[in-house]
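Colleague: Show me the folded form of this:
(chains A and B)
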2 protein chains.
Amino acid sequence: MTPKEEVVAIPVGIRRVAGTIFAPEKAVGTVLFVHGWNSSQAEDLDRARTIASFGYICLTFDLYGHNATSKFHSAATREDNMLDVVAAYEVLEKLKKPVAPGIIGVSYGGYLAALLTSRKPVAWLALRAPALYRDSGWQMPKASFDRADLNAYRRLAIGAKENRALRACSQFEGDVLIVESEFDSMVPSTVTANYRTAFARAASLTFRRIELADHALSKREWQNGYSKLLLNWFEEIVVRNDR
Amino acid sequence: MTPKEEVVAIPVGIRRVAGTIFAPEKAVGTVLFVHGWNSSQAEDLDRARTIASFGYICLTFDLYGHNATSKFHSAATREDNMLDVVAAYEVLEKLKKPVAPGIIGVSYGGYLAALLTSRKPVAWLALRAPALYRDSGWQMPKASFDRADLNAYRRLAIGAKENRALRACSQFEGDVLIVESEFDSMVPSTVTANYRTAFARAASLTFRRIELADHALSKREWQNGYSKLLLNWFEEIVVRNDR
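Modeller: Take a look at the predicted model:
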């Protein structure tokens, strides 16, 4: 049966962010989607519909500084967006207690998802091309980061103790999927290797590479490849665990 | 169609080890099975038959010091058994050129399989509860190792540069499956974490845990769970790559 779709405004302090809830008739679990920088919840809608049809309440939303709030794009900080993610998480938390949501995060959204695990119970993480940033500058506008410095940072082998997102990963005990693009100029394979290495306590770890793909999965076949990987993993690991 | 089975004697210098070749009508690839210490090729026969039915020539064999050569059990060294593995590999190499075999290794056999990748081209590695040993004592009888010292070593976080098997893993660029038993008193999760972390260049990495299981998978359901994981992975990763 097609899940119901409902547009919601999620309060984040005095702000609000736009979200969409996909609610199946009977839910066994919940899933939060966190999109990447310079993207929006639009990238997640199809996958959210599909995953909702497996019996999972899904929530997609637009990070502050994106889509309806894009005029704040140059002002938004990681602190702002982390608050968005926590607020979205709490929407799902209320809809289905006491089940811990799983998180599907892409790029910057994958980074925020990893950080969320140190603040909230998370059942599992599916991270595509998770980004990595220096800890410093947490309250600086994300759009102001020095690109050359960021690129250099992302070529380094970084231990779990040296970065707050990796440290969160090293404590995480749920199931983990990491997907990298073979030719990703934003998030090179050194970054996914850092994430992979950090997840030393994960209940399961699945690392897959989409051949030839770029960061944005700009070709239809790469998008389809990612959807297939994600859904295969979801059925093998999440659906089976929840049965 | 049922694959043909042939018992073979594999020459290893002046010794010979007993092996079994499972040959399907048309082969697309080859697979070498390496059993664990205190086991024999008998543990692999059913899985070899199944994998051969997918179109892979499979070879199982008894490591020196086991089964027909068990009177040399207390004398066999890692050097002896490494020579066995290389000799078995070369049997497959001759049967199907120029395809690099994949290796399925359990415990001590997983350790030897990891080491083999630094000597021979290997397409992929499937390691169940791969064991780890200090580099020293390579030519000492394996049965003489100090168990307490080994147990202590297996509780350590060991970097890829500090151990020759992990170093081989860190150079390996094929697909990797690692399976651990949740309650493994021989190969604790620190060891599988060391392996997992070492495989930083793997094309894909799949880590799975068999819940409640012991090292030997002494219950039928754990054996079945391993077979299912292995075959799922084999179909997803190996069969699809070879199509």
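
Colleague: got the contact list for the lowest-mean-pLDDT helix or strand in chain A?
Modeller: The helix or strand of chain A with the poorest confidence is helix A:240-242; it has a mean of 83 (mean pLDDT, DSSP states H and E). Under the contact criterion CB atoms under 8 Å, 6 or more residues apart in numbering or on different chains, helix A:240-242 has outside partners A:28-29, A:175. In short, each C-beta sits where N, CA and C put it, glycine included.

Colleague: and the most centrally placed residue in chain A, backbone torsions?
Modeller: Closest to where the C-alpha atoms of chain A average out (CA atoms, centre = their mean) is residue A:105, at 1.3 Å. Note on residue A:105: its backbone torsions stand at phi -130, psi 140 [degrees, to the nearest 10].

Colleague: now it, nearest residue through space, not along the chain?
Modeller: residue A:113 (3.3 Å; CB to CB, 6 or more residues apart in numbering or on different chains).

Colleague: do residue A:36 as well
Modeller: Counting by CB to CB, 6+ apart, residue A:107 is the residue found nearest to residue A:36 once chain neighbours are left out, at 3.4 Å.

Colleague: Next up, identify which helix or strand the closest residue to residue A:177 other than its chain neighbours is on.
Modeller: Across the structure, with CB to CB, 6+ apart as the measure, the residue nearest residue A:177 apart from its sequence neighbours is residue A:126 (4.2 Å). Assigned by DSSP states H and E, residue A:126 belongs to strand A:124-128.

Colleague: May I have the distance across stretch A:137-150, first residue to last?
Modeller: Stretch A:137-150 stretches 12 Å from its first residue to its last (CA to CA, to the nearest Å).

Colleague: Buried residues, that stretch. List them.
Modeller: Of the residues in stretch A:137-150, those with enough neighbours to count as buried (16 or more other CB atoms under 10 Å in any protein chain shown) are A:141-142, A:145.

Colleague: what mean pLDDT does the longest helix seen in chain A have?
Modeller: Taking residue count as the measure and DSSP state H as the definition, the longest helix of chain A comes out as helix A:78-95. If you average the pLDDT over helix A:78-95, you get 97.

Colleague: and what of stretch A:166-178?
Modeller: Per-residue scores along stretch A:166-178 average to 98.

Colleague: In chain A, where is pLDDT below threshold?
Modeller: A:1 (pLDDT under 70).

Colleague: Swap in 90 and give it another go.
Modeller: A:1-3, A:96-99, A:240-243 (pLDDT under 90).

Colleague: all helices for it, in order.
Modeller: Assigned by DSSP H, the helices in chain A fall at A:45-52, A:78-95, A:108-116, A:147-153, A:164-171, A:189-198, A:220-233, A:240-242.

Colleague: which bits of chain A sit near chain B?
Modeller: Those residues of chain A that sit near chain B, judged by CB under 8 Å from any CB of the partner chain, are A:193, A:196-197, A:200-209, A:232, A:236.

Colleague: Among the residues you listed, which ones are in strands?
Modeller: Within the residues of chain A next to chain B, membership in strands is found for A:204-209, as judged by DSSP state E.

Colleague: Out of the residues you listed, the closest to residue B:43 would be?
Modeller: Minimum distance to residue B:43 across these is 23.7 Å, recorded for residue A:204 (CB to CB).

Colleague: ok, the closest one - contacts?
Modeller: With the criterion set at CB under 8 Å, 6+ apart, residue A:204 makes contact with A:175-176, A:237, B:207-209.

Colleague: cool, and residue A:190?
Modeller: With contacts taken as CB under 8 Å, 6+ apart, residue A:190 has the following neighbours: A:154-157.

Colleague: Over to residue A:109?
Modeller: The contact partners of residue A:109, by CB under 8 Å, 6+ apart, come to A:33-36, A:39, A:63.

Colleague: do the same with residue A:30
Modeller: Taking CB under 8 Å, 6+ apart, one finds A:56-59, A:92, A:95-96, A:99, A:101-102 in contact with residue A:30.

Colleague: now do residue A:24
Modeller: Taking CB under 8 Å, 6+ apart as the definition, contacts of residue A:24 comprise A:1, A:3-4, A:52-57.

Colleague: Please report phi then psi for it.
Modeller: When read as degrees, to the nearest 10, the backbone of residue A:24 gives phi -80, psi 160.

Colleague: ok, for it, nearest residue in space, not its chain neighbours?
Modeller: Spatially, and ignoring its direct neighbours in sequence, residue A:24 is nearest to residue A:3 (4.5 Å; CB to CB, 6+ apart).

Colleague: in stretch A:174-191, what's buried?
Modeller: By neighbour count on 16+ other CB under 10 Å, the buried set for stretch A:174-191 is A:174-181, A:184, A:186-189, A:191.

Colleague: ugh, typo on my part, it should be stretch A:45-61
Modeller: Of the residues in stretch A:45-61, those buried by neighbour count under the rule 16+ other CB under 10 Å are A:45, A:47-52, A:54, A:56-61.

Colleague: end to end, how far does it reach?
Modeller: When the end residues of stretch A:45-61 are compared by CA to CA, they are separated by 10 Å.

Colleague: what does stretch A:209-223 give?
Modeller: With CA to CA as the measure, stretch A:209-223 spans 13 Å from end to end.

Colleague: list the buried ones in it?
Modeller: In stretch A:209-223, counting by 16+ other CB under 10 Å, buried: A:209-210, A:213-217, A:222-223.

Colleague: one step back: neighbour-wise, which of the residues of chain A next to chain B leads?
Modeller: residue A:196 (26 neighbours; other CB atoms under 10 Å in any protein chain shown).
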